[in-house]
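Colleague: compute the structure for the input listed below.
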Amino acid sequence: MNPTVAPGVAPERHRQENFPVAGWLCPPALRPAVLAIYRFARRADDMADEGEVDPATRRLQLETLRGVLHAIDEGRAPEPLHADLAAAVAAHRLPLAPMHALLDAFVQDTHIDRYASREELLAYCRLSANPVGRLMLHLVGVSDERALAESDAICTALQLINHWQDVGVDRLKPRVYLPLEDLQAHGACIDDVLEGRDTPALRATVCKLNAWAMDLMQQGAALPHRVPGRLGWELRLVVQGGLRVAEKIQALDGATLHQRPQLRAWDLPRLLWRALLHPRPAA
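Modeller: A predicted model of the protein is given here:
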């Protein structure tokens, strides 16, 4: 799982992630809430993935975070570590259901490390990625069904692109997000990933899945024009950043088992230009 990164807050191991929020385009009035959401997700991510703790203990630790959400919901003051989240919920009337969904995704990470189909992977993304976008829309008062669907498409696409980008990273956990049905359709298998065999069949699988993610991104690409103010511009950059990483995966012909394509400083002018020209929705 890959919650969105907030510059200046993430510890060293998270600094190679691609899609920052709470950056210079984020409205200052919203930045504390965005950072509070990020920190909550990052703490949960660390509980689910870091260290040598057994899965059962990880799940118990994640339940302590669920207890924090229950305390906030009941108006009880959580421990100081989570005071920023309580303040954000109170200030913006943030719904807690998306945060519970994020915890469900982290719990899933402790006992599921394979996905049979795209449908199973999409169900995971509905927990692990889409809630973040819906929380951001809540902060700017956007709640119509079309916007929510477009946000889900963008967030799912970002999550999927991150999975294809991190095939080599995830296999060491060991976790494989490439759906088994897609691997089999191209003549590849799970063991190719886990044993580090960079085969033509595996590359073809990644390329096909990458094209699917790019199509999903386009389904939500009109949303930034309907998100008000600076957050709309930041969303343009997020969309273009995701598409740029997907282009780099394509340029590698899907060979992400031993290479991790990522955004570089020299990509910024291209992203800014594309954000400026970001296509408007059809009438």
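
Colleague: element containing residue 127?
Modeller: Using DSSP states H and E, the element containing residue 127 is helix 118-128.

Colleague: helices and strands around that helix, which ones?
Modeller: Applying 3 or more Cβ pairs under 8 Å, 6 or more residues apart in numbering; DSSP states H and E, we find helix 118-128 packed against helix 97-109, helix 145-165. Quick note: C-beta positions are derived from backbone N, CA and C, even for glycine.

Colleague: quick one: the longest one to chain centroid distance?
Modeller: If I follow you right, that is helix 145-165. 8 Å (Cα atoms, centre = their mean, to the nearest Å).

Colleague: buried ones in it?
Modeller: If you call a residue buried by 16 or more other Cβ atoms under 10 Å, then helix 145-165 has these buried ones: 147-148, 150-165.

Colleague: now do the first one
Modeller: For helix 97-109, the buried set under the neighbour-count rule, 16+ other Cβ under 10 Å, comprises 98, 99, 100, 101, 102, 103, 104, 105, 106, 107, 108, 109.

Colleague: next: stretch 35-50.
Modeller: Across stretch 35-50, burial judged by 16+ other Cβ under 10 Å covers 35-49.

Colleague: inside helices: which ones of these?
Modeller: Taking DSSP state H, the ones among the buried residues of stretch 35-50 that sit in helices are 35-49.

Colleague: of those, closest to residue 123?
Modeller: Using Cβ to Cβ, residue 48 is the member of those that lies nearest residue 123, at 17.3 Å.

Colleague: and the closest one, what pLDDT?
Modeller: Per-residue pLDDT puts residue 48 at 89.

Colleague: which regions of the stretch 151-283 of the chain sit below the pLDDT cut-off?
Modeller: Residue ranges of the stretch 151-283 of the chain with pLDDT under 70: 278-283.

Colleague: all strands of it, in order?
Modeller: Applying DSSP state E, counting those that start in this stretch to the stretch 151-283 of the chain gives no strands.

Colleague: now do the end-to-end distance for stretch 261-270.
Modeller: End-to-end span of stretch 261-270 (Cα to Cα, to the nearest Å): 16 Å.

Colleague: go through it and flag the buried ones.
Modeller: In stretch 261-270, counting by 16+ other Cβ under 10 Å, buried: 261, 263, 267.

Colleague: just to revisit the earlier point, pLDDT added to the buried residues of helix 97-109, as JSON lines?
Modeller: Shown next, in JSON lines, are these (pLDDT from 0 to 100):
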{"residue": "98", "pLDDT": "96"}
{"residue": "99", "pLDDT": "96"}
{"residue": "100", "pLDDT": "97"}
{"residue": "101", "pLDDT": "97"}
{"residue": "102", "pLDDT": "96"}
{"residue": "103", "pLDDT": "96"}
{"residue": "104", "pLDDT": "97"}
{"residue": "105", "pLDDT": "96"}
{"residue": "106", "pLDDT": "96"}
{"residue": "107", "pLDDT": "96"}
{"residue": "108", "pLDDT": "95"}
{"residue": "109", "pLDDT": "93"}
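
Colleague: domain map for the protein?
Modeller: 25-111, 114-283 (automatic domain parsing).

Colleague: now the longest one, how far from the centre of its chain.
Modeller: In terms of Cα atoms, centre = their mean, the centre of domain 114-283 is set 8 Å apart from its chain centre.

Colleague: start at 496, not 1
Modeller: Yes, from this point I'll number from 496; that puts the last item at domain 609-778.

Colleague: and residue 515, what pLDDT?
Modeller: pLDDT, residue 515: 48.
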